[in-house]
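*Asks:* everything below, folded, please.
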Amino acid sequence: MSNIDGAGMPDGWHRLWAPHRLEYLRGENRPLEGNEVECPFCRIPNLSDEEGLIVHRGKSAFVVMNLYPYNPGHLLVCAFRHVADLTDLTDEERHEITDLSAHAMSVIRKVSKADGFNLGMNQGAISGAGVAAHIHQHIVPRWSGDANFMPIIGKTKVLPQLLTTTREELAAAW
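*Replies:* As a prediction, the model looks like this:
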């Protein structure tokens, strides 16, 4: 972090530099509209484990390092089959992704002593999925004090709906 502006003068701002993320934001390895890139999660299994950064291959899913990690040890659990949505998976695929995610957490705890995890699947581009057409589960290890800027610095949690309303809608649809 630095608090020196472009002219070399202190400006009071702290900066967190993550230059490895810029290539990802520009579309590297992502099949975006107008970007003729093959789906990375279809391409990776054709590479050697070392070249593809594959940690484990299962029957219907595999575990791979995230090229653009939020934290060290950030893994992705991907279905071999090219499907976009959790509801498109077979029971076998869904169960294996869950089992591999749980095992990944155990392995990360053993290797790097993670204090916790963020697990998630972004379903659809609007939700933030960088590769929306191929389902993948994020396993992001967390350590006390590693990040989480909005609640800590901004003292803010973004909730667009009252919890009681959300609960009613979910219960009705269940």
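*Asks:* where along this structure do the helices fall?
*Replies:* With DSSP state H as the criterion, the chain has helices at 20-25, 40-43, 49-52, 91-112, 149-153, 163-173.
*Asks:* who does Met65 form a beta bridge with?
*Replies:* Leu75 (DSSP bridges).
*Asks:* number of residues surrounding it?
*Replies:* Met65 sits with 14 neighbouring residues when counted by other C-beta atoms under 10 Å. (Each C-beta comes from the backbone N, C-alpha and C, glycine too.)
*Asks:* check contacts around it.
*Replies:* Leu53, Val55, His74, Leu75, Leu76 (C-beta atoms under 8 Å, 6 or more residues apart in numbering).
*Asks:* so how far is Tyr68 from the third one?
*Replies:* Spelled out, that is His74. The gap separating His74 from Tyr68 is 8 Å, by C-beta to C-beta, to the nearest Å.
*Asks:* can you state the direction angle for the longest strand along the chain and helix 91-112?
*Replies:* Longest strand in the chain by number of residues (criterion: DSSP state E): strand 136-142. Following axes from the mean of the first three to the mean of the last three C-alpha atoms, to 10 degrees, one obtains 20 degrees for the angle between strand 136-142 and helix 91-112.
*Asks:* tell me the helices and strands packed up against strand 136-142.
*Replies:* strand 75-79, helix 91-112, strand 116-120 (3 or more C-beta pairs under 8 Å, 6 or more residues apart in numbering; DSSP states H and E).
*Asks:* just checking, what packs against the last one?
*Replies:* Looking back up the chat, that one is strand 116-120. Strand 116-120 packs on helix 91-112, strand 136-142, going by 3+ C-beta pairs under 8 Å, 6+ apart.
*Asks:* note down every partner strand of that strand and its orientation.
*Replies:* Next to strand 116-120 in the sheet, as set by DSSP bridges, lie strand 136-142 (antiparallel).
*Asks:* show me the contact partners of the strand it pairs with.
*Replies:* Outside strand 136-142, the residues that touch it by C-beta under 8 Å, 6+ apart are 41, 66, 69-79, 97, 101, 104-105, 108, 112, 114-122.
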